[in-house]
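**Q** sequence-free structure coming up:
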């Protein structure tokens, strides 16, 4: 199966700083990547859809100026949490949709645990 | 998501016993996906169902989608400790559309 990596796997930062999380498709091209957020013991909540070469589409209630998404190539999307606060602490997971696949099969990264002190 | 209900929320079974997880949508689905997640890790794709009445099996896991394409079940036969984890169903409303996830079912298999 296709492999998606995320970096870093864990990050601890101080309140007010910005944190960048990378999502890479290692052995396939992904025109579309998705960013999810997961709270403890909760399901995944879609934050935004990242399209290569265009602006991301954010879900209702997600601040686009807070969570900056850049999809500069067919294998890399980045999520930057700007001016992080403790309430931004969460598990962030990305997924990538394979180009040319008939179904909406998404391959997920291992996730990034963000802790804001 | 309130549009996609999973039940039960958690499940503890004795090793060797069968278990079933249900996923119900308020609207007709284009596709229904099942994933497994271990705590603090990403999601592992299990199966995808698209046709009404479809049933797929992989090893000891069987997933079904009803004829109306609004309800799916995931059945594990003779459960093992390796089956422990969080099972998530994801709904696709239209072709190429985003996935909406259910609340997840935590499964614990007691040896």
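**A** Alright, I've got the coordinates. All of these numbers come straight from a predicted model, not from anything done at the bench. Numbers count the residues shown, from 1 in each chain, chains lettered A, B, ... in the order given.
**Q** quick check: phi and psi at residue A:87.
**A** When read as degrees, to the nearest 10, the backbone of residue A:87 gives phi -70, psi -10.
**Q** so, low pLDDT: which residues of the chain?
**A** Here I'm looking at chain A. Applying pLDDT under 70 to chain A picks out residues A:1, A:99-104.
**Q** if you could check chain B rather than the one you did, that'd help
**A** Ranges of chain B meeting pLDDT under 70: B:1-2, B:96.
**Q** which secondary structure element contains residue A:92?
**A** strand A:90-97 (DSSP states H and E).
**Q** how distant is that strand from the center of its chain?
**A** Remark: strand A:90-97 is offset 5 Å from the chain centroid, using C-alpha atoms, centre = their mean, to the nearest Å.
**Q** check which residues of stretch A:13-26 are buried.
**A** Buried residues in stretch A:13-26, counted by 16 or more other C-beta atoms under 10 Å in any protein chain shown: A:13, A:19, A:21-25. (Each C-beta comes from the backbone N, C-alpha and C, glycine too.)
**Q** of those, closest to chain B?
**A** residue A:23 (10.6 Å; C-beta to the nearest C-beta).
**Q** OK, contacts around the residue nearest to that closest one when sequence neighbours are not counted?
**A** Distance criterion C-beta to C-beta, 6 or more residues apart in numbering or on different chains; nearest residue to residue A:23, sequence neighbours excluded, is residue A:94 at 3.5 Å. The contact partners of residue A:94, by C-beta atoms under 8 Å, 6 or more residues apart in numbering or on different chains, come to A:4, A:6, A:21, A:23, A:33-36, A:77, A:79, A:108-109.
**Q** spell out which residues of chain B are next to chain A.
**A** B:1, B:31, B:33, B:35, B:40-45, B:48, B:50, B:88, B:92, B:95-104, B:106 (C-beta under 8 Å from any C-beta of the partner chain).
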